[in-house]
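Colleague: Give the three-dimensional model of this entry:
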Amino acid sequence: MISRRKLIATGLGVTAGLVTAGCKEKSPSDAAWSQPGQLAESAPAEEVRVSVTPAADAKKVSPLEQVVVTAEGGTLKDVSVAAGGKTVAGKLGDDQTWRSTGKLAYGKTYTVTVSVADSAGALTEHKSTFSTIKPSGVAAVTFQANALTALKAGGTYGVGQPVMVNFSKPVKNRAEAEKAMLVETTPAVEGRWRWIDDRNAHWRPAKYWASGTKISVKVNLFGRDLGKGVYGGANAGTNFSIGPSRIAIADAESHRMKVYIDGRMVRDIPISMGKGGTTRGTNGELINYWTRSGPHVVMTREPSHRMTSSSYGVADPKDPNYYDEVIQLCLRISYSGEFVHMADWNIGAQGNRNTSHGCINVGPAHARWFYDTFRLGDVVDVRNTPRRMGLTDGVGDWTIPWDKW
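Modeller: The predicted structure follows:
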C-alpha cells in the first residue's frame, strides 16, 4: 500500500510527495486494478517549495527588514517568527504571502517555523533562523526648547524657537539621521537642519516664524545606522505652535529696550546693560563684562534666581566685581548668565548708562510687565555692543545668516 511520510525540511525549500515501497519493475500481472465504480489511485501530490526572507542563517539583518514567507505548490497553514519567547506579528495576504507586521528587535536570533499543506492535504514543517544587527550603542532622541528645558508637546513658543533634536549618543552619519527627521509646518515654510555638535541638530526657517504656525516633528530613527556601530532607538515625535510675535530690541547706545508685539511697539523701557571692560578670575581666566550683541531667545522664566560672580571666576568677596544675590523676575537669554531682570538698586543708571555685569537691568514696574509678557522662544535682540553672541551661548541660531545656516 502506498503510504505518506512526514518530510524533513532542509535549506529554504521542503518537498512533499508520495513515496512507493519497492524498487523493481512490476509485470503486467502485478498491475493495479479496480472494481467497476472504483477510482484508480491518485497521482502524486505536487512538490512544495517554501521561501523565507531573510534567508536561512542570514546575519546582521536590519530590524527594519520585513519577514516574508511564500509556498509554491502548497498552502501556508501557520507561520511563527519568534525570539526569546516573543513572537513577531504578521498577516497572510490575499496573495497567499505571509508578511510580518510587527518590528524585529536588535541583537536577536529569530526562528521562522512554517507549516504548509500540499495538494493532498499532508502537512510538512519548515524551520530556519536569522540574526539581527547587534549595535554597539542605541541612540534615543529628546526634543528641547533649549539645553536647560525640554520642549513641551503641544506647547506654545515664541517666534524665535527652533526645532531642537538631541541624541543620547554621538551621531557620525548625519546624512542618515537627517533622512529620519521630518519637520512639517502649517502654513508650509522652507527650513533646514544644522548640526550644532555631534549630538544636537536644529531646524529653523530663514526668518522668525509667523505667528500661529503649527510645527510637527517626527524622527523615524529605529533601525537607522548612525555610524560607529550606533543605531537609532525608538521612533519619536512632537508638535508645538507659535504664539504672538514678541521681539524686544535692546540698544546699548540709547539705553532703551523697545518691545514689539505682532509688529507694533507697545513699550519703551529704560535699561542698563553690561558695563564693558575685562578682569581676571581666580584661575587667571579672562572675564568680559559686555552684553553680547545679536538675537537672543528667552530660555527660562524664573521668579527668583541666585546670581553669584563665583560662577564665572570672581570668588573673592573683597573684589569690587564680586556679588552673591537672589534676583527677582529673571528671564534667561544665554547660558553664560545673561538675563533680563529687575534691578531696583540700579534705577538711576537705567536709560542713562551701562553699569551691569552683562545682564539687562530693568526697573520694577517694567520688569514685572516684561516677565508676565514674554515666554520661551521670544526674542531679545541686543544691539551696539562690541562683543557678539555665539551660536552655542544660548539659542544662538538666529546669529547665523540664512545663506550660512
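Colleague: Tell me which residues of the top helix by length along the chain come out buried.
Modeller: With residue count as the measure and DSSP state H as the assignment, the chain has helix 364-373 as its longest helix. Under the neighbour-count criterion of 16 or more other Cβ atoms under 10 Å, helix 364-373 has His366, Ala367, Trp369, Phe370, Tyr371, Thr373 buried. Every C-beta, even on glycine, is put in place using the N, C-alpha and C of the backbone.
Colleague: Just confirm the fifth one contacts Phe339, I think it does.
Modeller: By that I understand Tyr371. No - in this structure Tyr371 lies outside contact range of Phe339 using Cβ atoms under 8 Å: 10.6 Å.
Colleague: In terms of residue numbering, what are the domains of this protein?
Modeller: For the chain, the structural domains run 1-22+45-134, 137-242, 246-404, going by automatic domain parsing.
Colleague: With mean pLDDT as added columns, please give those in TSV.
Modeller: Below are the domains of the chain laid out as TSV (pLDDT from 0 to 100):
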stretch	mean pLDDT
domain 1-22+45-134	83
domain 137-242	98
domain 246-404	97
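Colleague: Return the distance of the nearest residue to Val159 once chain neighbours are set aside relative to His296.
Modeller: In this structure, Val159 finds its nearest non-sequential neighbour in Tyr208, 4.0 Å apart by Cβ to Cβ, 6 or more residues apart in numbering. Going from Tyr208 to His296 by Cβ to Cβ, to the nearest Å gives 13 Å.
Colleague: Tell me which stretches of the stretch 301-405 of the chain form strands.
Modeller: Listed in chain order, the strands of the stretch 301-405 of the chain (DSSP state E, counting those that start in this stretch) span 324-332, 339-342, 360-362, 379-383.
Colleague: what packs against the shortest one?
Modeller: Based on contacts counted as 3 or more Cβ pairs under 8 Å, 6 or more residues apart in numbering; DSSP states H and E, the elements that strand 360-362 packs against are strand 264-272, strand 339-342.
Colleague: chain center to the last one, what's the gap?
Modeller: Right, the one you point to is strand 339-342. 33 Å (Cα atoms, centre = their mean, to the nearest Å).
Colleague: before we move on, the earlier item: when Tyr208 and His296 are compared, which one has more neighbours?
Modeller: Between Tyr208 and His296, counting by other Cβ atoms under 10 Å, His296 is the more crowded of the two (30 against 19).
Colleague: List the beta-bridge partners for that one.
Modeller: Val380 (DSSP bridges).
Colleague: List the contacts of it.
Modeller: With contact set as Cβ atoms under 8 Å, 6 or more residues apart in numbering, His296 has these partners: Ile333, Ser334, Glu338, Val379, Val380, Asp381, Val382, Met389, Gly394, Val395, Gly396.
Colleague: With distance to Val81 and neighbour count added, can I get those in TSV?
Modeller: Formatted as TSV, the contacts of His296 follow (distance: Cβ to Cβ, whole Å; neighbours: other Cβ atoms under 10 Å):
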residue	distance to Val81	neighbour count
Ile333	54	31
Ser334	53	24
Glu338	56	25
Val379	53	23
Val380	56	27
Asp381	57	20
Val382	59	27
Met389	54	24
Gly394	49	26
Val395	46	30
Gly396	49	21
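Colleague: okay, these in TSV with distance to Lys218 next?
Modeller: Output for the contacts of His296, formatted as TSV (distance: Cβ to Cβ, whole Å):
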residue	distance to Lys218
Ile333	30
Ser334	30
Glu338	34
Val379	27
Val380	31
Asp381	31
Val382	35
Met389	31
Gly394	27
Val395	22
Gly396	26
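Colleague: wait, which of these is closest to Ser115?
Modeller: Nearest to Ser115 among the contacts of His296: Val395, at 58.6 Å, using Cβ to Cβ.
Colleague: Quick check: that closest one touching Gly294?
Modeller: No - if you go by Cβ under 8 Å, Val395 and Gly294 don't touch, sitting 10.8 Å apart.
Colleague: for the longest helix of the chain, packing partners?
Modeller: strand 256-261, strand 264-272, strand 324-332, strand 339-342.
Colleague: and of those strands, who's closest to Gly137?
Modeller: The nearest among the helices and strands packed on helix 364-373, by Cβ to Cβ, is strand 324-332 at 32.3 Å.
Colleague: Check what contacts the closest one and list those residues.
Modeller: Residues from elsewhere that reach strand 324-332, judged by Cβ under 8 Å, 6+ apart: 148, 298-310, 338-343, 367-368, 370-371, 374, 380, 394.
Colleague: Out of the helices and strands packed on strand 360-362, flag the one nearest Leu226.
Modeller: Comparing the helices and strands packed on strand 360-362 against Leu226 with Cβ to Cβ, the closest turns out to be strand 339-342 (36.3 Å).
Colleague: contact partners of the closest one?
Modeller: So strand 339-342 is in contact with 248, 250, 257, 305, 307, 327-333, 359-364, 367-368, 370-371, 374, 380, going by Cβ under 8 Å, 6+ apart.
Colleague: same check, this time on stretch 257-274
Modeller: By Cβ under 8 Å, 6+ apart, stretch 257-274 touches 211, 244-252, 255-256, 289-291, 340, 343, 346, 349-363, 366, 369-370, 373, 380, 382, 385.
Colleague: Could you pull out the buried residues of it?
Modeller: Buried residues in stretch 257-274 (16+ other Cβ under 10 Å): Met257, Lys258, Val259, Tyr260, Ile261, Ile269, Pro270, Ile271, Ser272, Met273, Gly274.
Colleague: Helices of the stretch 101-250 of the chain, start to end?
Modeller: 174-180 (DSSP state H, counting those that start in this stretch).
Colleague: List the residues that contact Asn58.
Modeller: I think there's a mix-up here, since residue 58 is Ala and not Asn. So Ala58 contacts Phe130, Ser131 (Cβ under 8 Å, 6+ apart).
Colleague: if we go to 6 Å?
Modeller: Ala58 sits next to Phe130 when contact means Cβ atoms under 6 Å, 6 or more residues apart in numbering.
Colleague: swap in Gly284?
Modeller: For Gly284, the contact set (Cβ under 6 Å, 6+ apart) is empty.
Colleague: Look at it and tell me its secondary structure.
Modeller: Assigned by DSSP: H, G, I helix; E, B strand; the rest coil, the conformation of Gly284 is coil.
Colleague: what is in contact with Tyr371 and Phe339 at once?
Modeller: With Cβ under 6 Å, 6+ apart, Tyr371 and Phe339 have no common neighbours.
Colleague: just to revisit the earlier point, please dump the helices and strands packed on strand 360-362 into a markdown table; it should also carry distance to Asp316 for every row.
Modeller: Putting those into a markdown table (distance: least, Cβ to Cβ, whole Å) gives the following:
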| stretch | distance to Asp316 |
| --- | --- |
| strand 264-272 | 24 |
| strand 339-342 | 23 |
